[in-house]
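A.B. asks: sequence first, then the predicted structure:
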Amino acid sequence: MSKRNANRGAKAVPAAAADTDTRRIAVGLNAVIIAVRDDEARVLTVASPEDADPPALPSGPFDPAHDRTLELGLRAWVQQQTGRELGYVEQLYTFGDEGRDPRERAGGPRVLSIAYLALAQDLPVVAAGGEWLSCYRFLPWEDWRSERPAVLEDIAVALGDWSEKPGTAAERERRRRRMEICFGLSDAGWDGYRVLERYELLYGAGLTHEYWLDRGRRPPRSAMLFGQPMAYDHRRILATGLARLRGKLRYRPLVFELIEEQFTLAQLQRVVEALSGLRLHKQNFRRLVENGGLVEKTGQVDTHTGGRPAELFRFRREVLRERRAPGVGALTPLKF
């Protein structure tokens, strides 16, 4: 085929128009920094650029002139903002949906955010506006430690109405099946690892605060029933981080990044429960960590338990050479 024929039918684009369509891209770094304090899984938040906006995740620019790697750039500005070095860090995901940042909607560049998951034992906040808030303040349906979350009743009703919206019978059935699987509303039961899927379902059904803001509309009051919002798409980033962390608890000893070097088994269980959002059977959990070689006795006791002194344990690092997946395994919650 001749070049002339190959180009036949192609719409010519003036050079000036092509230049105008060129999109600028800004690259930022976000951190989901999680710690367990007072038996609560907490995430470090900062004030959003607009004081009236919901809290945001810590973020900073990537400086290609000075940051040799993305992770080093992240560690540098976290240390600058908080005065402390991060411990465990892993890259989480890159978020770049169109319109995810209001600066883009105002004519600014397309904003790509490379998110990281970081774990901290004790990370005091020096920067103004920083605050440790419960992860379940933003994702209240994820906390089953004391009872079935009350918000699930509202979610079931709202998603039931959404599933019956106009469409084909097959579409309505897909909606019903999706809501039942994500929120344990069927015989499948609750799956603690579907954190991101649950948030994205609520967003797609128009039940979250962020769904309406992304469309330039005022959120209805009912949106506040489904957890406190975060700035931009940071609640989605938090859900991604919590899902990753819960999944890795099964095969990586990450829980020991969040607890003191010496601990009681009760303290260890409460940390795992805080992260998983589940209340666990005491004896089953202890057999799992002891028989799995994850911990070893220190020969010392904790006398500040308020009762009988409890044995102190530490992470048994030799397990990293002995087992390919030295995590706490699949967690079985107590039934309500």
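C.D. replies: Structure's in. What do you need?
A.B. asks: in this protein, which strand is the longest?
C.D. replies: When the chain is scanned for its longest strand (criterion: DSSP state E), the result is strand 25-37.
A.B. asks: residues in contact with the closest residue to residue 95 other than its chain neighbours?
C.D. replies: When the adjacent residues along the chain are set aside, residue 95 lies closest to residue 113, with 4.7 Å between them (CB to CB, 6 or more residues apart in numbering). Where you see a C-beta, it was placed from the backbone N, CA and C, and this is true even at glycine. Contact criterion CB atoms under 8 Å, 6 or more residues apart in numbering gives 27, 28, 29, 30, 59, 94, 95, 96, 100, 237 as the residues in contact with residue 113.
A.B. asks: let's verify residue 113: helix, strand, or coil?
C.D. replies: Taking DSSP: H, G, I helix; E, B strand; the rest coil as the rule, one finds residue 113 in the strand state.
A.B. asks: so how far is residue 105 from it?
C.D. replies: Here the criterion is CB to CB, to the nearest Å. By it, residue 113 lies 15 Å from residue 105.
A.B. asks: cool, and residue 172?
C.D. replies: Taking CB to CB as the measure, residue 172 and residue 105 are separated by 33 Å.
A.B. asks: okay, those two: which has more neighbours?
C.D. replies: Higher neighbour count among residue 172 and residue 105: residue 172, with 15 against 12, using other CB atoms under 10 Å.
A.B. asks: where does that one land on pLDDT?
C.D. replies: Residue 172 is assigned a pLDDT of 95 by the prediction.
A.B. asks: didn't it look like it was pressed against residue 161?
C.D. replies: No: using CB atoms under 8 Å, residue 172 makes no contact with residue 161, being 11.6 Å away.
A.B. asks: sorry, back to before: what bridges to the residue nearest to residue 95?
C.D. replies: Following DSSP bridges, residue 113 is listed with bridge partners residue 28, residue 95.
A.B. asks: distance of it relative to residue 99?
C.D. replies: Taking CB to CB as the measure, residue 113 and residue 99 are separated by 13 Å.
A.B. asks: next: residue 61.
C.D. replies: The gap separating residue 61 from residue 99 is 20 Å, by CB to CB.
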